[in-house]
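Enquirer: Fold the stuff below for me.
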Amino acid sequence: MEAQPIRFTSSFYGITPEVRSKADIPTAIAIDPVPENLTLNQTNLCACSKCRAYIGPHSKIDMNTRTWTCAFCKTSNNLPIENMQILDNCELPTQTITPPRSMYIIDCSSSALNGLIQTIIPELEARLKGKCKNVCVALLAEGLHVIGPNGGITSYPDLEEIEIPPKYFHEEFPSLEPFNNLQTDKRGPFIMSALNVAINSVGNNGRVFVATSFRTAEKDCFNTVNVNAEGAAIRGVNYEVIQELIHKFRQNLVTLNMLIAPGNTTLIDCATFARFCVETGGRCEYLTKPGFYSFSEALDRLLQPKIVGSFSISCIDTILPSIGISQHSPSGFMVTKGESLVFPFGLDPNNPSGEINSQLSVTEYDIDGQVRKFVYNKTIRTTDVLTDIFKEIDQDVILKYISNTLIYLFKIGHEFSSLKGSCLVLLKPMFMSYRIHVSRSPNRFSSIVLPKSLNTILIKCLGILKSTALAQSISYDERAIQMMQMSQMTPNQLALAACPVLTDVTEFVANGGDIIRLPLTESSLRPGKILILDNGFYTHLWLGNELNKELVQATFMKPAQSLVDELIPFQTDQSRRLFYLLRGNFRMSKQDAQSDYLFRQRMIEDDNNKLPSYSAFTGELHSITLPQRKEDKITTKLWDFAVSIFTTND
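Expert: From the prediction side, this is the model:
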């Protein structure tokens, strides 16, 4: 499928609440902020004066008055002459000539307690040396200490309304060695003042990174608050100050990113800073255990290239919290490069329009400080014909929606044995709606032929349970890695993980380079075969125990299959072709060896991992969609629980 930045669960939605309830298709958006292989047209950007959405194909233009009407807030705006021609797909402005300023503030006022400065300085230098441009580094302790242009330290003891001069923003990330000899103290200045200095210094489209720690002194900016207090007190004593700073950051399009290290107390202002980061398009990372547990991982997430975006959609009622990610709303989100998000939403019940317009605008920040901005537009239709809705389902978006839900359920303590039932509960509403749509006899559903769109969803959902992080057969470490990858995968990548591709490459040279795709069953694992499994996480090479000796010699330079213990490319047609097919990380298994068990567990069309085959899984779904059964009360409770996850505000 062609790369698409915005994908909905269906190309059609019901035009009224009654039609939508009959179809019962989950409404969700999958966002791939900067997809590959997408043709981009360069143009200037013209934003709405009220909601800041950009002009697009769905905007109404009046050439007589040279104005355009925003599709989202209906505000009339002046039309610049360069925007007379509206691009159909997306818009890409010119890249900034000068990298925006970045400011790194290391708060060492509590370093005597946790050693933050001694830990973060070498980590920052290792990651950013030679990569960051136009950058300023400062230490926050009894004032602000900044690395100067000559490598020395300039101190600002008073932080009231000061601005760091441009000469302190270095062309490359400076050496932080002078900081090692700087004397620090537990008593630090008000960190809000340091943020005010940063916003005055970085200018438009800048970035501010703050590494701080929990405080212990009451006069510091992190304060213990009585949770029984009323009004602003429960939000922290710095609430009003933070609100003013948020307005400044957003007005100048500056993002705030914070790394908060552990201390001796739990403080309520941490949550306020997390909201500060989210509202400015930044990210907040916590270290929850002493000793800088997961410090490197948290710092990597904070520093790697990011995409700050906003999403607009017309005729929308609510945007619900998304499961599996930390962002609360696509109206303002931040992702790392290559990450895809999914957001459930609710449509306006009084939508009179026959179409739903959506727009995604994102700003990509590379680690070298360069910035690019993209704008994508998509329009979907509304209809009262249920057949169109079921026919135009996007199976992979629904798969990502269900996958994120199952991962969330596992993380909050659900057992593996319950995930299959939860998956069936999430599938039940739309399959029951289809049964009612095509058949007047409830008991005929088991004999109804499912359309390809629904049939594929079932296969992929079963694959998620059998061949990914939700399978019982994988190790704990591998499960943790795969869960993180699954939450970031695009719908297409997740579909490959759910339904791996098994190919026979035994005779690929003799067949002129052709490879044969095989079904994912153990009957495909024949002794005289060389097979490759691609499951989206890695490629897995499988060797049968009765391979032709000449083939083994030509491919692996070994006289027998039993002697093949490593993969080294050789200058033979067989070897070159084999290594061409192995992408990314790869593994190797031999038939009847201990590693063969893991390969066989990926044969998802068989009964394995204590899960049924596809036909049995389909039968279970049919059984719970039939009315007036004892299981109905149980599945209804599960469904209500799944829905409640999306309606929570946390």
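Enquirer: ok, and for the helix or strand hosting Gln359, which residues are buried?
Expert: Gln359 belongs to strand 355-365 when assigned by DSSP states H and E. Residues 356-365 are the ones in strand 355-365 that count as buried (16 or more other Cβ atoms under 10 Å). Any C-beta I mention is one placed from the backbone N, CA and C, and that applies to glycine too.
Enquirer: Give me the mean pLDDT for the longest strand along the chain.
Expert: As assigned by DSSP state E, the longest strand anywhere in the chain is strand 371-383. Throughout strand 371-383, pLDDT has a mean value of 83.
Enquirer: so that strand versus strand 355-365, what angle?
Expert: Using axes from the mean of the first three to the mean of the last three Cα atoms, to 10 degrees, one finds that strand 371-383 and strand 355-365 are set 160 degrees apart in direction.
Enquirer: neighbouring contacts of the helix or strand following strand 371-383?
Expert: Next helix or strand after strand 371-383 toward the C-terminus (DSSP H and E): helix 386-391. Helix 386-391 is contacted from outside by 10, 12-14, 19, 22-23, 25, 383, 433-434, 437, 451, 453-454, using Cβ atoms under 8 Å, 6 or more residues apart in numbering.
Enquirer: continuing past helix 386-391, what's the next helix or strand?
Expert: Immediately after helix 386-391, counting by DSSP H and E, sits helix 395-411.
Enquirer: Would you pull up how far the following helix or strand past that following helix lies from the middle of the chain?
Expert: As assigned by DSSP H and E, the chain's next helix or strand after helix 395-411 is helix 416-438. Here helix 416-438 shows a centroid-to-chain-centroid distance of 25 Å under the convention Cα atoms, centre = their mean, to the nearest Å.
Enquirer: what angle separates the helix or strand just after helix 416-438 from helix 416-438?
Expert: Per DSSP H and E, the first helix or strand lying C-terminal to helix 416-438 is helix 452-467. Interaxial angle, helix 452-467 versus helix 416-438 (the same axes, to 10 degrees): 170 degrees.
Enquirer: what's the average pLDDT for the following helix or strand past helix 452-467?
Expert: Moving toward the C-terminus from helix 452-467, the next helix or strand (DSSP H and E) is helix 476-488. Mean pLDDT, computed over helix 476-488, is 79.
Enquirer: who are the neighbours of the following helix or strand past helix 476-488, in terms of helices and strands?
Expert: Per DSSP H and E, helix 476-488 leads on to helix 491-498 as the next helix or strand towards the C-terminus. The contact analysis (3 or more Cβ pairs under 8 Å, 6 or more residues apart in numbering; DSSP states H and E) places helix 491-498 against helix 395-411, helix 452-467.
Enquirer: follow-up on the earlier one: mind giving me the packing neighbours of the strand holding Gln359?
Expert: Using 3+ Cβ pairs under 8 Å, 6+ apart: strand 355-365 touches strand 306-313, strand 371-383.
Enquirer: Would you mark the buried spots in the last one?
Expert: Buried residues in strand 371-383, counting neighbours by 16+ other Cβ under 10 Å, are found at 371-378, 380-383.
Enquirer: in those residues, which two residues are the furthest apart from each other?
Expert: Pairwise distances across the buried residues of strand 371-383 (Cβ to Cβ) peak at 40.1 Å, for the pair Val371 and Thr383.
Enquirer: Closest one to Ser193 out of the contacts of helix 386-391, please.
Expert: Looking across the contacts of helix 386-391 and measuring by Cβ to Cβ, the closest to Ser193 is Tyr13, at 49.4 Å.
Enquirer: quick revisit: would you mind giving the helices and strands packed on strand 355-365 as TSV with distance to Ala480 added?
Expert: TSV is the format used below for the helices and strands packed on strand 355-365 (distance: least, Cβ to Cβ, whole Å):
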stretch	distance to Ala480
strand 306-313	22
strand 371-383	32
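Enquirer: can you tell which of the ones you listed is closest to Ile6?
Expert: strand 371-383 (4.2 Å).
Enquirer: how about the helices of the stretch 101-250 of the chain, start to end?
Expert: Listed in chain order, the helices of the stretch 101-250 of the chain (DSSP state H, counting those that start in this stretch) span 111-114, 116-128, 191-202, 239-251.
Enquirer: Tell me which strands the next helix or strand after the last one pairs with, and in which orientation.
Expert: Counting by DSSP H and E, the next helix or strand C-terminal to helix 239-251 is strand 255-261. Each strand that pairs with strand 255-261, with its direction, by DSSP bridges: strand 207-213 (parallel), strand 284-286 (parallel).
Enquirer: and the angle for the first one with helix 116-128?
Expert: When the same axes, to 10 degrees is applied, the directions of strand 207-213 and helix 116-128 differ by 150 degrees.
Enquirer: in strand 207-213, what's buried?
Expert: 207-213.
Enquirer: now the angle between helix 191-202 and that strand, please.
Expert: Using the same axes, to 10 degrees: strand 207-213 against helix 191-202 is 160 degrees.
Enquirer: could you dump the buried residues of strand 371-383 to CSV with distance to Leu543?
Expert: Listed next are those as CSV, based on distance: Cβ to Cβ, whole Å:
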residue, distance to Leu543
Val371, 49
Arg372, 46
Lys373, 50
Phe374, 45
Val375, 50
Tyr376, 45
Asn377, 50
Lys378, 46
Ile380, 48
Arg381, 51
Thr382, 54
Thr383, 52
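Enquirer: related to what we said a few turns ago, among the contacts of helix 386-391, which one lies nearest to Lys129?
Expert: Nearest member of the contacts of helix 386-391 to Lys129, counting by Cβ to Cβ, is Ser10, at 48.4 Å.
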